[in-house]
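Colleague: give me a 3D structure for the following:
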Amino acid sequence: MRTPVVAFCLSLLLAGVAPAADSLNVRLIGRWDSLPDYMSFGVAAQGSYAYVADNGGGLRVISVADPAHPTEVGHCDIPGAHADGVAVVGDLVYVTDGDSGLLVISVTDPAHPSRVGRCATPAYAREVVVVGDHAFVAHDSGLSVVSVTDPAHPSEVGRYDTRYGAFGVAVAGDYAYVTNSEGLWVVSISDPTQPTWVGRYIKSCAGVAVQDNYAYVAAGIAGLRVVSVTDPANPVEVGCLVDSNNSAIRLTVSGGYVYVVRGIGPSADGLRVISVADPANPVVVGYHYLGRSCVALSGNYVCLCNSYSFVILQFYGGGVEEMPSVEVRTPSVGPTVVHGVLNLAVDSRQNAAYRAELLDVSGRRVMELHGGANDVSDLAPGVYFIHEVQSQALAVARVIVAR
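Modeller: As a prediction, the model looks like this:
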């Protein structure tokens, strides 16, 4: 008998997250305010360029060589005028174009992108991921596997039809992870010509990203869901984080952080950066009021779209995951994830009078600290700051307390 797993959901309205603030640990680097369409649904980044699927505005090529001053350098009109998903591999960009299916666009010359191939899909095409010689397209009938060995003549080689179509898709190893209103579908693609359903997580889902045996699902008003896919036939929710203010729509994951954009249209309210160092207890560690319908990473920067704007943000709260007993050397300005014990590495022979305190993000002192081990197991998960009493600076180190 399989042991049921009960997931514990955290609210975004955690102690230590100031709801009135516009940002936390995320800063605006640059923006370009001339996207022709109000609603851009997809963005991908590679090297010095970002590629925006700008709905009726087609594909926009944005130079991000100078992150403070992103600039459009080229664009490509598309036949269906419904650019939705976008992926880039080398000199080729793959764009889903609604009823026109999948388009292949050459960006060998970024100033003059040009269509080189097209593959019809059974229904309205929404998202695309490219791995090796295949593109995996989520559309309103399910999943299509498209051979892109010859970019000028992409062709469907396999298909799996889900009930109620598909919204998002991610690929890891021999599996594709497909989302729709009925949940997260795990589909074996070990034989690309015969994609086969192997398991399902039941909850209405939108965007999806996969890393290290976990699927991170943007589940609309149900927030972020963390699903273990260690056993692909039995995906199990192990953690979640619910936001009472808006819907989680699209997301990406990298280095222990999930970047979620929340909502589409005028009600959308920006980017959330969520630490999943402990997948069972995701914690908000950064946010910014900008960000609506799509998000991608470019090196140390976050690229996203906000109404008619292409925006570059930077999350500067990133740290490294530590073991349960970690050392925080206090003039370090980067955060460290701690689980239960916060160790301050202070040489008492050189500084016997060392005193410090732990502050929440509002500046309120939550406990005194001393050199060595400090028990923080009773604190609510969230972001905190170490303040050395002798120091004139408010915060000399940032830490993330996780369960």
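
Colleague: from residue 205, how far off is residue 28?
Modeller: In this view, residue 28 and residue 205 are 30 Å apart by C-beta to C-beta, to the nearest Å. Where C-beta positions appear, they are placed from N, C-alpha and C, glycine not excepted.

Colleague: then residue 256?
Modeller: 22 Å.

Colleague: still on that earlier bit, more neighbours: residue 28 and residue 205, which one.
Modeller: The residue with more neighbours, out of residue 28 and residue 205, is residue 205; 28 against 15, by other C-beta atoms under 10 Å.

Colleague: what's the closest non-adjacent residue to that one?
Modeller: Leaving aside its chain neighbours, residue 205 sits nearest to residue 179 (3.7 Å; criterion: C-beta to C-beta, 6 or more residues apart in numbering).

Colleague: can you tell me how far that neighbour is from residue 203?
Modeller: 10 Å.

Colleague: end to end on stretch 186-203, go ahead and measure it.
Modeller: One end of stretch 186-203 to the other measures 13 Å (C-alpha to C-alpha, to the nearest Å).

Colleague: buried residues, it. List them.
Modeller: 186, 187, 188, 189, 192, 195, 197, 198, 199, 200, 201, 203 (16 or more other C-beta atoms under 10 Å).

Colleague: tell me the mean pLDDT over it?
Modeller: When pLDDT is averaged along stretch 186-203, the result is 97.

Colleague: and if you look at stretch 88-102?
Modeller: On average, the pLDDT along stretch 88-102 is 97.

Colleague: then that stretch to PDB, C-alphas only?
Modeller: Output of stretch 88-102 as PDB, limited to C-alpha atoms (Å, rounded to 0.1, in the frame of the first residue of the first chain):
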ATOM      1  CA  VAL A  88      15.900  29.100 -28.700                       C
ATOM      2  CA  VAL A  89      18.600  26.600 -29.600                       C
ATOM      3  CA  GLY A  90      21.700  27.900 -31.400                       C
ATOM      4  CA  ASP A  91      20.700  30.100 -34.400                       C
ATOM      5  CA  LEU A  92      17.100  28.800 -34.500                       C
ATOM      6  CA  VAL A  93      14.100  30.100 -32.600                       C
ATOM      7  CA  TYR A  94      10.900  28.000 -32.200                       C
ATOM      8  CA  VAL A  95       7.700  29.900 -31.900                       C
ATOM      9  CA  THR A  96       4.200  28.500 -31.300                       C
ATOM     10  CA  ASP A  97       1.700  30.500 -33.400                       C
ATOM     11  CA  GLY A  98      -1.800  29.500 -32.400                       C
ATOM     12  CA  ASP A  99      -3.700  27.900 -35.300                       C
ATOM     13  CA  SER A 100      -0.600  28.200 -37.500                       C
ATOM     14  CA  GLY A 101       1.300  25.600 -35.400                       C
ATOM     15  CA  LEU A 102       5.000  25.600 -34.800                       C
END
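
Colleague: just the buried positions in it, please.
Modeller: Buried residues in stretch 88-102, counted by 16+ other C-beta under 10 Å: 88, 92, 93, 94, 95, 96, 97, 98, 100, 101, 102.

Colleague: show me which of these is closest to residue 168.
Modeller: residue 96 (11.3 Å; C-beta to C-beta).

Colleague: would CSV of the buried residues of stretch 88-102 with distance to residue 299 be doable?
Modeller: Below are these laid out as CSV (distance: C-beta to C-beta, whole Å):
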residue, distance to residue 299
88, 14
92, 21
93, 19
94, 21
95, 23
96, 25
97, 28
98, 31
100, 32
101, 31
102, 27
